[in-house]
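**Student:** I'll drop the sequence and a predicted model, then ask my questions.
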Amino acid sequence: MNKSKILQMTVLLAAIVVLAGGFLRAVRYDSMTLTDYENQQNTEGKKETTPSPSTVPAESEGSPEGDATAAPGNAADTENTPDHGTSAEPGVESGSHSSTASDGAPSSMDAPAAAFRPVGVLLNAGIPEEERITYSQGFYYEPLSENLRRYITGVSYPFLSTDETSPESSVDTADGQKKPSVGSDTALLVGTDGSQPVISLDELRYVHIWHYDFDGNPREGELICNEYIARDLTEIFYELYRCEYRLEKVLLIDEYDGDDTASMTDNNTSCFNYRQIAGSTSLSKHALGLAVDINPLYNPQVTYEKDGTEVVLPAAASAYADRSAGFSYKIDADDLCCRLFLEHGFTWGGNWNATKDYQHFQKAKP
């Protein structure tokens, strides 16, 4: 074989080698080793499982104060919690006169929302936040709103219309009837004897509390009282709640059309009701918002007439007139409720002589 042919074959082989090398580089351009593949999969897996900043939910800045809210409680609830107008306000928050709750507050003051909202919570929702004084979550007092004033006028608070009520100056009641609205020219707020009431609406306070019912469930409760005892009641009912003391119902007596007997028979704990003492022409301390009746069905008023006759009010509570008997919900001198009221300067009707009013606690205003 001559030299020219050898040279041609050498050049051809070199070209083949060059082309083969180029082809291999082209084939391997986007390829990877098993190690490279594993590393890439690990990297992609991490990217897929790590949410981008836009998909990570923002951390809560805290739950609203309530409304209506969640209810405080050892066992439950809330406010409950209402924001303004609701019932549960965590901690001690209020207007310029806020007070400090005791360190013994139940740790589980965040409770489930209440299924039943008392009427006062809804009607008094318009009161400015700075006018509310909160003792502890869900336990506060504040002035009466115009809506709440309208609601109680003609029921637990008296009115006397000098003229026939006109639609423009009246509001609808729950039963569809008309009654004068507060502040209208035709609605003069006077007593049943024609005189001005001895207490004005401005002197009354709406008190919101929580309590445990007879089934052990936390419930919202409310009272209207004299401003003089508003803080006392807030503190007392807070302690009762903290100790899981049972109160069957704590509703405004207006829900019973101002009928004290109906409220007592239903075992409703209540305070303000502009009325006379039963069997008397004198105003009751309830008319001044300075008295509270606690679990009245189980703690009746018992009067002994001169002839020895026993009169029990309400009549349905006659089975509980014998205080030597043992039964649940009986208030005696050793009862927590009685001790708390006495510590706050109240007197107990169970200590009276001719009449024993075991449900009744009242405080004198200087």
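**Tutor:** Perfect, thanks for sending it. Quick caveat: nothing in here was measured; it's all calculated off a predicted structure. Residues are numbered from 1 along each chain as shown.
**Student:** hey, let's count contacts and neighbours off CA atoms from now on
**Tutor:** Will do.
**Student:** now the strands for the stretch 101-250 of the chain?
**Tutor:** Ranges of strands within the stretch 101-250 of the chain are 133-136, 139-143, 160-161, 170-172, 178-180, 187-188, 204-212, 218-226, 249-250, based on DSSP state E, counting those that start in this stretch.
**Student:** Give the other helices and strands that the first one contacts.
**Tutor:** In other words, strand 133-136. The elements that strand 133-136 packs onto, with contact taken as 3 or more Cα pairs under 8 Å, 6 or more residues apart in numbering; DSSP states H and E, are strand 139-143, helix 230-242.
**Student:** how about a cut-off of 10 Å?
**Tutor:** strand 139-143, strand 204-212, helix 230-242 (3 or more Cα pairs under 10 Å, 6 or more residues apart in numbering; DSSP states H and E).
**Student:** how about those, which one is nearest residue 253?
**Tutor:** strand 204-212 (12.7 Å; Cα to Cα).
**Student:** Confirm for me that residue 322 is in contact with residue 302.
**Tutor:** Yes - with contact defined as Cα atoms under 10 Å, residue 322 reaches residue 302; the gap is 9.4 Å.
**Student:** so can I have JSON lines of the strands of the stretch 101-250 of the chain showing mean neighbour count, distance to residue 125 and mean pLDDT?
**Tutor:** Formatted as JSON lines, the strands of the stretch 101-250 of the chain follow (neighbours: other Cα atoms under 10 Å; distance: least, Cα to Cα, whole Å; pLDDT from 0 to 100):
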{"stretch": "strand 133-136", "mean neighbour count": "26", "distance to residue 125": "14", "mean pLDDT": "98"}
{"stretch": "strand 139-143", "mean neighbour count": "27", "distance to residue 125": "10", "mean pLDDT": "98"}
{"stretch": "strand 160-161", "mean neighbour count": "18", "distance to residue 125": "27", "mean pLDDT": "56"}
{"stretch": "strand 170-172", "mean neighbour count": "17", "distance to residue 125": "18", "mean pLDDT": "43"}
{"stretch": "strand 178-180", "mean neighbour count": "21", "distance to residue 125": "21", "mean pLDDT": "42"}
{"stretch": "strand 187-188", "mean neighbour count": "21", "distance to residue 125": "24", "mean pLDDT": "35"}
{"stretch": "strand 204-212", "mean neighbour count": "26", "distance to residue 125": "11", "mean pLDDT": "98"}
{"stretch": "strand 218-226", "mean neighbour count": "27", "distance to residue 125": "13", "mean pLDDT": "98"}
{"stretch": "strand 249-250", "mean neighbour count": "24", "distance to residue 125": "19", "mean pLDDT": "98"}
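**Student:** can I get those in JSON lines with distance to residue 152?
**Tutor:** Listed next are the strands of the stretch 101-250 of the chain as JSON lines, based on distance: least, Cα to Cα, whole Å:
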{"stretch": "strand 133-136", "distance to residue 152": "22"}
{"stretch": "strand 139-143", "distance to residue 152": "14"}
{"stretch": "strand 160-161", "distance to residue 152": "13"}
{"stretch": "strand 170-172", "distance to residue 152": "11"}
{"stretch": "strand 178-180", "distance to residue 152": "10"}
{"stretch": "strand 187-188", "distance to residue 152": "13"}
{"stretch": "strand 204-212", "distance to residue 152": "11"}
{"stretch": "strand 218-226", "distance to residue 152": "10"}
{"stretch": "strand 249-250", "distance to residue 152": "16"}
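**Student:** closest to residue 233 out of these?
**Tutor:** strand 204-212 (7.8 Å).
**Student:** That closest one vs helix 230-242, what angle?
**Tutor:** For strand 204-212 against helix 230-242, the angle by axes from the mean of the first three to the mean of the last three Cα atoms, to 10 degrees is 10 degrees.
**Student:** shift numbering so it begins at 331
**Tutor:** Got it, the first residue is 331 from now on, which makes the last one we talked about strand 534-542.
**Student:** Right, I'll call it a day here.
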